[in-house]
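Q: give me the fold of what follows.
(one chain, ligands or ions: 2)
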Amino acid sequence: MSTYKILAINPGSTSTKIAVYENETQIMEKTLRHSTEEINKYEKIFDQFEFRKNVIVDAVSEAGIAIEELDAVVGRGGLLKPIKGGTYEVSDELIAGLKEPYLGEHASNLGGIIAKEIADAALAPSFIVDPVVVDEMNDVARISGMPEIPRFSIFHALNQKATARRFANEIGKSYEDINVIVAHMGGGVSVGAHEKGRVIDVNNALDGEGPFSPERAGGLPVGDLAKLCFSGKYTHAQIKKLLKGEGGIVAYLGTNDARDVEKMIAEGDEKAKLIYEAMAYQVAKEIGSCATVLKGKVDAIILTGGIAYSEMITTWIKERVSFIADVKIYAGEDEMSALAQGALRVLREEEKPQRYEA
Ligand SMILES: Nc1ncnc2c1ncn2[C@@H]1O[C@H](COP(=O)(O)OP(=O)(O)OP(=O)(O)O)[C@@H](O)[C@H]1O
Ligand SMILES: CCCC(=O)O
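A: Ligands and ions are numbered 1, 2, ... in the order given. You can find the predicted model right below:
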């Protein structure tokens, strides 16, 4: 069997995570932190391209790996036009889409651009895998109730699909043969109904749907939200912040760290307990609604993301959803390995690379 050396790049708002794999084995991993001072020098995310690329190249060569040794470079994809899941070869069209992102600025827009630049130097292919704009929803799920505002999917596609594949693997089936509900609980929360390899419905985790999360408000009573918007008390930018960044747990309790909330509960804080339990309640309700989407045919419910480490949260959710299917907990997220595996499936010709069309 051939051995492939793959560099994976995952740009976040204040850091860039990189890892090198030889087939499935990780041979180096590093989180390159970027100070606010450095990041603030650049007006737009794309302006950080040269700086982030250089620190990645330096870190790889400091680890004793020559760029020319790489067989592929894979980056986290950005806010492109909605696309179906899978591994995409980075083409000129895809680069253009990341430079002028359809759905706005996001650090992950840099993933594919940097991957291509480094891969070109190594004379190797470059890819993105399951970006947050993966949209495989059924047409019936796109209807919101207001024609001007269709529903579409923005979610933790990379980790959701990786955990669903991991579960399929564990039971000796393929992802395309199972139905699962995956609840990713991190800074944002997304709950997806996976039907035979397609996420046919999911809450838009970036923009006002689904359960609230440590720093996002989630779905709200819309009439009252409309009143708040026209109250004259807030600018559009302030409202956006209340919904995303300063919403959810942080709005009620002043922290976005679930571990702080658990300390507050341990010290007898009843409000903290009510809010924390409400988040678990909303995730459970969303899982229940995905079970109806899958017409009750659910092989498993998967809880993942940083908050899935919490026994308190997973116990509350299990109490409400175990009647639907077994609950599996894959705490944390392994996006780096999910990126490398997406590239590996294409290099091994197990999957055809997709082409992005603008
Ligand atoms: N052991 C733990 N117990 C409870 N909560 C935890 C634990 N470890 C991490 N968390 C919580 O997980 C959350 C962060 O999760 P994660 O790292 O998946 O988010 P992120 O990557 O920043 O955002 P996103 O997943 O939306 O992209 C934080 O609220 C953190 O407090
Ligand atoms: C919506 C998934 C990505 C994020 O939370 O930023």
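
Q: quick check: buried residues in stretch 123-137?
A: 124-137 (16 or more other CB atoms under 10 Å). Bear in mind the C-beta positions are built from the backbone N, C-alpha and C, glycine included.

Q: secondary structure, distance to ligand 2 and pLDDT added to those residues, as CSV?
A: Shown next, in CSV, are these (DSSP: H, G, I helix; E, B strand; the rest coil; distance: CB to the nearest ligand atom, whole Å; pLDDT from 0 to 100):
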residue, secondary structure, distance to ligand 2, pLDDT
Ala124, coil, 27, 98
Pro125, coil, 25, 98
Ser126, strand, 21, 98
Phe127, strand, 19, 98
Ile128, strand, 14, 98
Val129, strand, 14, 97
Asp130, coil, 11, 95
Pro131, coil, 9, 95
Val132, coil, 4, 93
Val133, coil, 9, 94
Val134, strand, 10, 96
Asp135, coil, 12, 96
Glu136, coil, 15, 97
Met137, coil, 15, 98
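
Q: so which residues of the stretch 1-150 of the chain form strands?
A: 5-11, 15-22, 25-33, 72-76, 87-89, 126-129 (DSSP state E, counting those that start in this stretch).

Q: okay, those in TSV with distance to ligand 1 next?
A: Output for the strands of the stretch 1-150 of the chain, formatted as TSV (distance: least, CB to the nearest ligand atom, whole Å):
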stretch	distance to ligand 1
strand 5-11	10
strand 15-22	10
strand 25-33	12
strand 72-76	10
strand 87-89	20
strand 126-129	15
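
Q: ok, of the buried residues of stretch 123-137, which one's closest to ligand 1?
A: Nearest to ligand 1, judged by CB to the nearest ligand atom, of the buried residues of stretch 123-137 is Val132 at 8.8 Å.

Q: so who does the closest one touch?
A: Contact analysis of Val132 by CB atoms under 8 Å, 6 or more residues apart in numbering lists Gly77, Gly78, Leu79, His106, Ser108, Ile154, Phe155, His156, Ala157, Leu158, Leu206.

Q: how many neighbours does whichever residue of the stretch 101-250 of the chain sits closest to ligand 2 have?
A: When scored by CB to the nearest ligand atom, the stretch 101-250 of the chain has Gly188 as its residue closest to ligand 2, at 3.4 Å. Gly188: 26 surrounding residues under other CB atoms under 10 Å.

Q: from now on call the first residue 52
A: In the new count, where the first residue is 52, that last one comes out as Gly239.

Q: if we ignore the residues flanking it in sequence, what's nearest it?
A: Ala256 (4.3 Å; CB to CB, 6 or more residues apart in numbering).

Q: could you identify which of the contacts of Val183 has the most neighbours?
A: Using other CB under 10 Å as the neighbour criterion, Gly128 leads the contacts of Val183 with 32 neighbours.

Q: if we ignore the residues flanking it in sequence, what's nearest that one?
A: That would be Pro182: by CB to CB, 6+ apart, it lies 2.8 Å from Gly128.

Q: any idea how far the residue of the stretch 152-301 of the chain closest to ligand 2 lies from Glu401?
A: 30 Å (CB to CB, to the nearest Å).

Q: near ligand 2, which residues of the stretch 152-301 of the chain show up?
A: By the criterion of CB under 6 Å from any ligand atom, the positions of the stretch 152-301 of the chain lying close to ligand 2 are Val183, Ile205, Phe206, His207, Gly238, Gly239, Ala256, Leu257.

Q: quick one, what contacts the last one?
A: Right, the one you point to is Leu257. Val183, Ile205, Gly239, Lys295.
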